[in-house]
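*Asks:* Sharing a model prediction with you, sequence too.
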Amino acid sequence: MSNKKQILITGGAGFIGSHVVRLFVEKYPDYDIFNLDALTYAGNLENLNDIEEASNYTFIKGDITDENFINELFAKYKFDSVIHLAAESHVDRSIKDPLAFVKTNVIGTMILLNAFKSCWKDNFEGKLFYHISTDEVYGTLGETGLFTETTSYDPNSPYSASKASSDHFVRAYGETYGMPYVVSNCSNNYGQNQFPEKLIPLFINNIINNKPLPVYGDGNYTRDWLYVKDHAIAIDLIFHKGQQGNTYNIGGFNEWKNIDLVKLLCEQMDVKLGREKNSSEELITFVKDRPGHDLRYAIDASKINKELGWEPSVTFEEGLKKTIDWYLSNEKWLENVTSGAYKSYYQKQYN
């Protein structure tokens, strides 16, 4: 077996995971990178076509909820580090099937923690379990204030509750068993390769096809938006330089009300598609609000900025242009992921 550092990245064929895998494979040729993904609806190996032949990259198809399989993997490869991104992540889906989120996000994380602990027992020197989470665990903000690393947890959806639970278990294993860990909580990601159930790629796809743009409620829900490549860079910094036992909030310092974001997206899409000004805005359709909808998320990312020197590299307008350009240049990718199963879910969800 190679003497290289052995890093397991879970969920590496997904949106954020694929960007992290690519960054680590290309930046660290002395690391062996193992990408574990179950290839459910949001996992797509097309996201990694450009690195699939790299000598330091291995893809493993498998489910983090399969305890025997995970234990066998750790016994075989002796992963000294885990970057854990695999998760069910869509709030709407969690409302319809909360148990699926408990299974993947809580039980799956527990199985990984147990395998990591059993593999290394008390010899944790040079080891790390890095758990990637979300700002949604903090609940909702009013019109003012920011989420910090010490904000109390107050999840309001099955998705955020499942992620909050997994965060607690990671910290508990650190305190109880001395397992070295870090946790990061990020704001809404956007960028290339995102499955079109999330707002920005969904609306790009709908504008291309002249379909309605379903905006929840009055559209005044506010989110902080983070360009996915900036998130991957932050994960790299935290993995290598973050203080063990710490939490880092990763945000874009970039708050937008949903309706304002959608109008900006429509404006840019009209230009890109050569359509008459404001024509895409006519597709905006306000739909019934979802239960437990949090009013506002906003992250204070000053800790990672001060300790590790991280900050967003692009403005939202620049990042959105890059994102639109990618989807318009990769319509085949978009067609491939918008399968019959996705369309069926979309129809049921948004009617």
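*Replies:* Everything's here; your move. Keep in mind that this is a model prediction, so the values were computed, not measured. Numbers count the residues shown, from 1 in each chain.
*Asks:* Going by C-alpha atoms from here, please, whenever you check contacts or count neighbours.
*Replies:* Noted.
*Asks:* Distance from the chain centre to stretch 126-146, please.
*Replies:* Relative to its chain's centre, stretch 126-146 lies at 12 Å (CA atoms, centre = their mean, to the nearest Å).
*Asks:* when you give positions from now on, start the count at 4
*Replies:* In the new numbering, first residue 4, that becomes stretch 129-149.
*Asks:* ok, and what's touching it?
*Replies:* 83-88, 119, 150, 154-159, 163-164, 166-167, 170, 173, 182-190, 242, 252, 297-303 (CA atoms under 8 Å, 6 or more residues apart in numbering).
*Asks:* Out of these, which sit inside strands?
*Replies:* Members of these lying in strands (criterion: DSSP state E): 84, 85, 86, 87, 184, 185, 186, 187, 188, 189, 252.
*Asks:* In TSV, list those along with pLDDT, neighbour count and distance to residue 146.
*Replies:* Listed next are the ones in strands among the contacts of stretch 129-149 as TSV, based on pLDDT from 0 to 100; neighbours: other CA atoms under 10 Å; distance: CA to CA, whole Å:
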residue	pLDDT	neighbour count	distance to residue 146
84	98	21	39
85	98	22	37
86	98	26	34
87	98	21	32
184	98	25	33
185	98	24	30
186	98	28	27
187	98	21	24
188	98	24	21
189	97	24	20
252	98	24	20
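*Asks:* Go through those and name the one nearest residue 320.
*Replies:* Distance to residue 320 across those (CA to CA) is lowest for residue 189, with 19.4 Å.
*Asks:* got a list of what the closest one touches?
*Replies:* Residues near residue 189 by CA under 8 Å, 6+ apart: 135, 136, 137, 138, 229, 234, 252, 253, 254, 302.
*Asks:* rerun that using 6 Å as the cut-off
*Replies:* Residue 189 is in contact with 137, 138, 252, 253, 254, counting by CA atoms under 6 Å, 6 or more residues apart in numbering.
*Asks:* What pLDDT does the model give the first one?
*Replies:* The confidence metric pLDDT takes the value 96 at residue 137.
*Asks:* Tell me what it is bridged to.
*Replies:* In this entry, residue 137 is beta-bridged to residue 189, by DSSP bridges.
*Asks:* how about low-confidence regions in the stretch 154-303 of the chain?
*Replies:* In the prediction, the stretch 154-303 of the chain carries no residues with pLDDT under 70.
*Asks:* For it, which segments count as strands?
*Replies:* Counting by DSSP state E, counting those that start in this stretch, the stretch 154-303 of the chain has strands at residues 184-189, 191-193, 216-219, 225-230, 250-253, 258-260, 287-290.
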